[in-house]
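Engineer: Dropping a prediction and its sequence here:
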Amino acid sequence: MPIHKVFTSYYHDDDQDYKEELVEMGEDNEIFIDRSVDTGDISDDLDDQAIRQKIRDEYLRDSTVTILLVGRNTWRRKHVDWEIYSSMFDGQVNKKSGILVVNLPSAGSDYCTAPRTDEQRAVHPHIPNWITIDEAEYRRRYPCMPDRIMDNLLTTKALVSVTPWSAIANKPSNLKFLIDVAFRDRQSCEYDLSRSMRRRNS
């Protein structure tokens, strides 16, 4: 697999330290090249449409995998929702990306989801048997998950993987494997984009 170009979506105010640790691990181990928006990259003076366009055309256009870092307040952020939507949208210029969700410790979840469970046993060896769960159980397991990701966990065609931070922290081989899987599966993903984009933070 090549070194991937990865966009990281996260709530800057809460989770900057995790983002920096992720990028350091990815770049030091030649797993990925960071294509994320950093604090101060986009002016707060721009209107919402201009911000969405800059994210889509200047950052996501050059990436093939999006990693979503989910902390306690990530689900509340409109920019995160726009980034997820744009990552899933298959346009003429900006093609859809593979999605990897990483639950941070503040999200209060050590569960994982694997669309191809047979492949992910090496990353999650503590799980002897994988099971299919319903929406109520997904919401119980992932109380901080953004709604757009939840929509796509509920369809088997989206191929979104979820892993806890503990499964990748200081484990570059696990991170590389999960990014490679997201990259490989991106073309066959059929994302659910029916939800309207979030218009405000909550």
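Structural biologist: Yep, it's here.
Engineer: quick check: longest helix of this structure.
Structural biologist: helix 12-28 (DSSP state H).
Engineer: Which other helices and strands does it contact?
Structural biologist: Applying 3 or more Cβ pairs under 8 Å, 6 or more residues apart in numbering; DSSP states H and E, one finds that helix 12-28 contacts strand 4-9, strand 32-34, strand 65-70, helix 172-185. (Each C-beta comes from the backbone N, C-alpha and C, glycine too.)
Engineer: Tell me which of those sits nearest to Asn103.
Structural biologist: strand 65-70 (5.0 Å; Cβ to Cβ).
Engineer: Now render the helices and strands packed on helix 12-28 as JSON lines, adding distance to Val160, mean neighbour count and mean pLDDT.
Structural biologist: Listed next are the helices and strands packed on helix 12-28 as JSON lines, based on distance: least, Cβ to Cβ, whole Å; neighbours: other Cβ atoms under 10 Å; pLDDT from 0 to 100:
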{"stretch": "strand 4-9", "distance to Val160": "13", "mean neighbour count": "24", "mean pLDDT": "93"}
{"stretch": "strand 32-34", "distance to Val160": "18", "mean neighbour count": "20", "mean pLDDT": "92"}
{"stretch": "strand 65-70", "distance to Val160": "9", "mean neighbour count": "26", "mean pLDDT": "97"}
{"stretch": "helix 172-185", "distance to Val160": "8", "mean neighbour count": "20", "mean pLDDT": "95"}
